[in-house]
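K.L.:
Structure here, sequence nowhere to be found:
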């Protein structure tokens, strides 16, 4: 039985569409219930394979992994987030997992282990609250002063009746550093992992029914394999920013704490088993991110230039375009630049109605350009037009 609309066939869509939202499929399209709402022995694993796109494809199932996330959307979102953080005086940095990464395993789900999915991007991610908690855990474990922790994270206790205050400060205060969601910089490779709990009955019934063979923690219990999803490799962008300009010195403290926590404590679930450790980017990833950063800087420069052009008058914009085109070697030659030379001449004729400042600027530009690159005939042709604009000089 499938908890979907009437008329939906169980076999109509047994595998997540490649372009489909993996998180939506995971959270809303579990299709392994029987008529009595039980799950067959292989149902959990079959469902996870369907999410990875392996259903009915033994070769892909044996390979065991699949990528989720749309690269252009991830790039746009991370670039916007980086721009926001940096505009506030913050910093961004990237880290890649050294092994598996999982977060949100405690969320309820028919396969027994959940996963935190970004609601828009459809990929695993680390919420800002978890990023903040990770940095805080590192500072607490290393005995940083309570005053520093309060400046970074706000009041230790959010209950007005229990909140601790320091001299000259209100009892309840917000943290002075903003921790953003850690988002993937590229599609995430997912795979299946398995945990093998041995003593489920002990945890479930040991306190209520002690002494029974099935509720005693002993080595005769058979392991019960439980499949769950993990990110096999993931590259996350972390961002922190000050709440105000006066708080900028705290950003470096938060960044250092977060970097140390990622490397030494690990993020997400099952860190004691080696999951969730994040390290600096390897050479290949660093080159990829450097290239993206350069592209973003170029695009931002182009947007700024276009914005500046849009604010100019039509005459000033045409003058700037001519000056830029004059830098091209082809336009500096008498033969290949003939069209451009005529274009300057047309601008000189039209400039009679321009504002005086722009008219003089065009005349001086044209005089210098043709003196350097124009033939004698071209100089002779343009001289009257130039002189006519310089009458008021």
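P.N.:
Cool, the structure landed. Treat the numbers as computed from the prediction; the structure is a model and nothing was measured.
K.L.:
if I pick residue 332, what's in contact with it?
P.N.:
Applying CB atoms under 8 Å, 6 or more residues apart in numbering, we find residue 332 in contact with 326, 372-373. All C-beta spots, glycine's among them, are computed from the backbone N, C-alpha and C.
K.L.:
Give me the subset of those residues lying in helices.
P.N.:
For the contacts of residue 332, the ones inside helices are 372-373, with DSSP state H as the criterion.
K.L.:
Which among the contacts of residue 332 count as buried?
P.N.:
Neighbour counting by 16 or more other CB atoms under 10 Å classes 326, 373 among the contacts of residue 332 as buried.
K.L.:
In CSV, list the contacts of residue 332 along with distance to residue 174 and pLDDT.
P.N.:
Output for the contacts of residue 332, formatted as CSV (distance: CB to CB, whole Å; pLDDT from 0 to 100):
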residue, distance to residue 174, pLDDT
326, 55, 92
372, 61, 91
373, 62, 90
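K.L.:
Closest one to residue 79 out of the contacts of residue 332, please.
P.N.:
For those, the minimum distance to residue 79 (CB to CB) is 33.4 Å, reached by residue 326.
K.L.:
ok now do the closest one, which residues does it touch?
P.N.:
332, 340, 365, 369.
K.L.:
Can you pull out the residues in contact with the host helix or strand of residue 342?
P.N.:
Residue 342 belongs to helix 338-350 when elements are defined using DSSP states H and E. Helix 338-350 is contacted from outside by 318-319, 322, 325-326, 331, 334, 362-363, 366, 369-370, 374, 378, 381-382, 385-386, 389, using CB under 8 Å, 6+ apart.
K.L.:
Figure out how far that helix is from the centre of its chain.
P.N.:
The chain centroid and the centroid of helix 338-350 are separated by 47 Å, computed with CA atoms, centre = their mean, to the nearest Å.
K.L.:
roughly how far apart are residue 367 and residue 349?
P.N.:
15 Å (CB to CB, to the nearest Å).
K.L.:
all helices for the stretch 51-200 of the chain, in order.
P.N.:
Using DSSP state H, counting those that start in this stretch, the helices of the stretch 51-200 of the chain run over residues 58-63, 71-87, 128-141, 146-153, 200-205.
K.L.:
since we're on residue 183, how many residues are nearby?
P.N.:
23 (other CB atoms under 10 Å).
K.L.:
how many neighbours does the residue lying closest to residue 66 once chain neighbours are set aside have?
P.N.:
Distance criterion CB to CB, 6 or more residues apart in numbering; nearest residue to residue 66, sequence neighbours excluded, is residue 52 at 3.9 Å. For residue 52, the count of nearby residues is 24 (other CB under 10 Å).
K.L.:
wait, residue 52 sits on residue 188?
P.N.:
No. Applying CB atoms under 8 Å as the test, residue 52 and residue 188 come out as separate, 11.6 Å apart.
K.L.:
Pipe the helices of the stretch 51-200 of the chain into a markdown table and attach mean neighbour count and distance to residue 215 per row.
P.N.:
Shown next, in a markdown table, are the helices of the stretch 51-200 of the chain (neighbours: other CB atoms under 10 Å; distance: least, CB to CB, whole Å):
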| stretch | mean neighbour count | distance to residue 215 |
| --- | --- | --- |
| helix 58-63 | 11 | 36 |
| helix 71-87 | 16 | 47 |
| helix 128-141 | 18 | 34 |
| helix 146-153 | 17 | 41 |
| helix 200-205 | 14 | 5 |
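K.L.:
Save those helices as a markdown table, and put in mean pLDDT too.
P.N.:
Putting the helices of the stretch 51-200 of the chain into a markdown table (pLDDT from 0 to 100) gives the following:
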| stretch | mean pLDDT |
| --- | --- |
| helix 58-63 | 47 |
| helix 71-87 | 94 |
| helix 128-141 | 95 |
| helix 146-153 | 90 |
| helix 200-205 | 77 |
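K.L.:
Can you give me the neighbour number for residue 252?
P.N.:
Neighbours of residue 252 using other CB under 10 Å come to 11.
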